[in-house]
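Trainee: Kindly return the folded structure for what I paste below:
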Amino acid sequence: MSRPHWRLILNGKSAGNDALRDAVHALRERGVQLEVRVTWEDGDAERHVAEAIEHGVDTIIAAGGDGTLSEVAQTLAHRDEDAATLPSLGLVPLGTANDFASAAGIPDDPLQALALIEHAAARPVDLLDIDADGKHWWCANVASGGFGTEVTVETDEGLKKMLGGLAYLVTGISRLGRIDPIQARLQAPGFSWEGGFIALGIGNGRQAGGGQVLCPDALVDDGLLDITVIPDLSGEVGATFAALVKGGKQGALEQVATRMQAAWVQIDAPQPITLNLDGEPVQARRFRIACVPARIRMHLPADSALLAATRADAALQPG
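Mentor: Numbering: from 1, shown residues only. Predicted coordinates:
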């Protein structure tokens, strides 16, 4: 049996990470053929992935944040080969925002993350395929828009428990005053929504912006987008929200949100809007976002909350 052959693609900002260096040495001592390539400028990840495939690498590892993961996943996704014939994808979280890793349960410690890749079988996972006014993008985690793309705020943990995962909005509103809603129309199979929103999440993963849980039920292997729209908190919606908060209602913000699942969604806006695609801001008047099932294979914990099998197992538990 040949020894595993891995290629680690490291974000240049983390090139001096001593813990990662030690972890790489440890895996080499355990018999893994592990080479490191560093990205410094646009196009590096594409070149490193092409080189890895040419060299017959078994697994490509993205070492960095959500942007690095998405960049490496994108280079795999737009190749002509079938997912089953491409190298599997692993992740070592090193970025300032590791939203995908956090939701998936991937360890922060580089040695533990590499050990997960060593022992956990690669599973088919979905990706988001995005057309923005004719330009093409791929996204591994969440496409987010509105308030959450422009402002990151520290939110009290107690407030999160009372109001739910989108409590950061309340904190931000209290700090910044009025937030102007973004006008748009969303269309998906069996669904249509039009109006002003202050936050929008279209998820393969669950959270973005350093812990903002926009799509709390998203799964990476169900072939569906999870869509969350938080409408303008004024008028009747604002009155409903205020009543819920005053009554101490759990998950108040979630109760005024519109949530749905769909294979694709189209967003049309009268003025250009910005969506954050795993840290990459993209501006357009029309976005069409589709879920591409099982586009890549990724090493995730067997009990990851992002896997459909984990949810099915939980549903079978007594009580």
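Trainee: and Leu128, what is it in contact with?
Mentor: Trp138, Cys139, Ala140, Ala143, Ile202, Asn204, Leu225, Leu277, Ile289, Ala290, Cys291, Val292 (C-beta atoms under 8 Å, 6 or more residues apart in numbering). C-beta here means a position set from N, CA and C on the backbone, and glycine is covered the same way.
Trainee: next one: Pro293
Mentor: Residues near Pro293 by C-beta under 8 Å, 6+ apart: Pro124, Asp126, Asp221, Gly223.
Trainee: Strands - which of those residues land there?
Mentor: Counting by DSSP state E, the part of the contacts of Pro293 found in strands is Pro124, Asp126.
Trainee: Excluding sequence neighbours, find me the nearest residue to Ala45.
Mentor: Glu71 (4.6 Å; C-beta to C-beta, 6 or more residues apart in numbering).
Trainee: Tell me the secondary structure at that neighbour.
Mentor: The three-state label for Glu71, taken from DSSP: H, G, I helix; E, B strand; the rest coil, comes out as helix.
Trainee: Leu306 now?
Mentor: The three-state label given to Leu306 by three-state DSSP is coil.
Trainee: how close does it sit to Ala62?
Mentor: Leu306 sits 16 Å away from Ala62, going by C-beta to C-beta, to the nearest Å.
Trainee: Could you check which of the two has the larger neighbour count?
Mentor: Between Leu306 and Ala62, counted using other C-beta atoms under 10 Å, the more crowded position is Ala62 (32 against 26).
Trainee: Got the phi and psi for the more buried one?
Mentor: Dihedral pair for Ala62: phi -90, psi 120, per degrees, to the nearest 10.
Trainee: I'd say it and Ser14 touch.
Mentor: No - Ala62 is not in contact with Ser14 according to C-beta atoms under 8 Å; the separation is 11.1 Å.
Trainee: now the helices for the stretch 1-150 of the chain?
Mentor: 18-29, 44-54, 66-77, 99-104, 110-119, 147-150 (DSSP state H, counting those that start in this stretch).
Trainee: What pLDDT is listed against Pro124?
Mentor: Here, the pLDDT recorded for Pro124 equals 96.
Trainee: how many other residues sit next to it?
Mentor: Count around Pro124 with other C-beta under 10 Å applied: 14.
Trainee: which residues touch the closest residue to it other than its chain neighbours?
Mentor: Distance criterion C-beta to C-beta, 6+ apart; nearest residue to Pro124, sequence neighbours excluded, is Ala294 at 3.5 Å. If you count contacts by C-beta under 8 Å, 6+ apart, Ala294 has them with Ala83, Pro124, Val125, Asp126, Asp221, Gly223.
Trainee: OK, contacts around the first one?
Mentor: Put plainly, it is Ala83. Applying C-beta under 8 Å, 6+ apart to Ala83 gives the contacts Pro124, Ala294, Arg295, Ile296, Arg297.
Trainee: so where is the stretch 51-200 of the chain shaky, pLDDT-wise?
Mentor: Applying pLDDT under 70 to the stretch 51-200 of the chain flags residues 147-179.
Trainee: Now do the strands for it: every range, in order, please.
Mentor: Remark: strands assigned in the stretch 51-200 of the chain by DSSP state E, counting those that start in this stretch are 59-64, 88-93, 122-132, 135-139, 142-146, 182-188, 191-203.
Trainee: outside of whatever helix or strand comes next after the longest one, which residues touch it?
Mentor: This points to strand 191-203. Using DSSP states H and E, the helix or strand that follows strand 191-203 in sequence is strand 207-208. Residues outside strand 207-208 that contact it (C-beta under 8 Å, 6+ apart): 66, 97, 99, 102-103, 141-142, 144, 148, 165, 201, 213-215, 276, 278.
Trainee: Report the two of those residues separated the most.
Mentor: Within these, Gly165 and Asp278 form the most distant pair, 18.6 Å apart (C-beta to C-beta).
Trainee: More neighbours: which of those two?
Mentor: Remark: of Gly165 and Asp278, Asp278 carries more neighbours, 28 against 20, as counted by other C-beta under 10 Å.
Trainee: Setting aside sequence-adjacent positions, which residue approaches that one most closely?
Mentor: Computed as C-beta to C-beta, 6+ apart, the closest residue to Asp278 that is not its neighbour in sequence is Ser70, at 3.7 Å.
Trainee: how many other residues sit next to the one you found?
Mentor: Look at Ser70: counted by other C-beta under 10 Å, it has 27 neighbours.
Trainee: Hmm, Val282 and it touching each other?
Mentor: No - Ser70 lies out of contact with Val282 (C-beta under 8 Å); the separation is 11.8 Å.
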